[in-house]
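Engineer: Fold the following, please.
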Amino acid sequence: MNSDEKFIKYGKTLSGLIHNLNTPLMGMSGRIELMQMKFGEDKNVNQVSTQLDRINNMLTAIAFLLDKEISNKDSGFDIKQLLENYFSYLTTDMRFKHKLEKEINLVPHSLNTNGCDVINYTHCVMNALLGYMEEEAKISIANVIDGNDCRIDILMTFEKPIEKDLNVIEVINNKLFDEVRPKYAFKATLIENTITAQIYIKNNE
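Structural biologist: Modelled structure (predicted):
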């Protein structure tokens, strides 16, 4: 079975699962809202509400990663919200959740481009960066607005210097999906123990 056939098989299964999970989650969210109205700012109720929001964000990001119909379309979205949903999903990766000191500074900005490809591209870069982790590290993530366009800056700093002959761009490019590789300009640099990866996203007006 080739990769496209596997994607269709497992993608449809997971998409169906996500769709089916949305119904009970919406029911639970409705009950939580009623409890908040009845009990006010109850700590336990608020904690449940927060965790439900996290689950919804993860499912939203997974849906973007799976939906090839979305990948064929440009649409408007807020890059801050899209990336926050994705990084919420990424907490399912124990390296990202426990071994990284995280600093995420995202600002709202409306983009009209392919949201699925942006997530796929970012996911490939993050997978490559996380692959270097042997011990704890620090990561800084921000987006920089340039007119109507946007740049995603990802800086990962390790405790020890990385070998100087490492071709960071080549390693990350090898992780990128062929269909998104030519879509966005990309730059990566290595200085001592810090890898800087930058993704340039053009706004299709």
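Engineer: gap between the most centrally placed residue in the chain and residue 138?
Structural biologist: Centroid-nearest residue in the chain: residue 86, 2.9 Å away (criterion: CA atoms, centre = their mean). Using CB to CB, to the nearest Å, residue 86 is found at 19 Å from residue 138. Backbone N, C-alpha and C define where each C-beta goes, glycine included.
Engineer: Okay, helices next: where are they in the protein?
Structural biologist: 3-39, 43-66, 79-90, 94-98, 115-130, 168-175 (DSSP state H).
Engineer: Can you flag the weakest of the ones you listed by average pLDDT?
Structural biologist: The weakest mean pLDDT among the helices of the chain belongs to helix 3-39, with a mean of 66.
Engineer: Show me how the record splits this structure into domains.
Structural biologist: 1-67, 74-205 (automatic domain parsing).
Engineer: Highest mean neighbour count out of the ones you listed?
Structural biologist: domain 74-205 (a mean of 16; mean count of other CB atoms under 10 Å).
Engineer: what's the offset of that domain from the middle of its chain?
Structural biologist: Offset of domain 74-205 from its chain centre (CA atoms, centre = their mean, to the nearest Å): 8 Å.
Engineer: For the protein, which residue is located at the greatest distance from the centroid?
Structural biologist: Greatest distance from the centre of the chain, by CA atoms, centre = their mean, belongs to residue 38 (35.5 Å).
Engineer: Could you check how far that one is from residue 195?
Structural biologist: Residue 38 is 50 Å from residue 195, by CB to CB.
Engineer: same check, this time on residue 86
Structural biologist: From residue 86 to residue 195 the distance is 19 Å (CB to CB).
Engineer: One more: residue 34?
Structural biologist: Taking CB to CB, one finds residue 34 at 47 Å from residue 195.
Engineer: Do I have it right that residue 49 meets residue 36?
Structural biologist: Yes. At 6.9 Å, residue 49 and residue 36 qualify as touching, with contact defined as CB atoms under 8 Å.
Engineer: give me every residue that touches residue 133.
Structural biologist: Residues in contact with residue 133, defined by CB atoms under 8 Å, 6 or more residues apart in numbering, are 95, 99-100, 158.
Engineer: nearest to residue 149, of those?
Structural biologist: Of all those, residue 149 sits closest to residue 100, with 27.6 Å by CB to CB.
Engineer: Apart from its neighbours in sequence, what residue is nearest that closest one?
Structural biologist: residue 139 (5.1 Å; CB to CB, 6 or more residues apart in numbering).
Engineer: swap in residue 171?
Structural biologist: residue 128 (5.7 Å).
Engineer: and if you look at residue 39?
Structural biologist: In space, residue 39 is closest to residue 45, 6.0 Å off (CB to CB, 6+ apart).
Engineer: any idea how far the one you found lies from residue 120?
Structural biologist: For residue 45 relative to residue 120 (CB to CB), the value is 36 Å.
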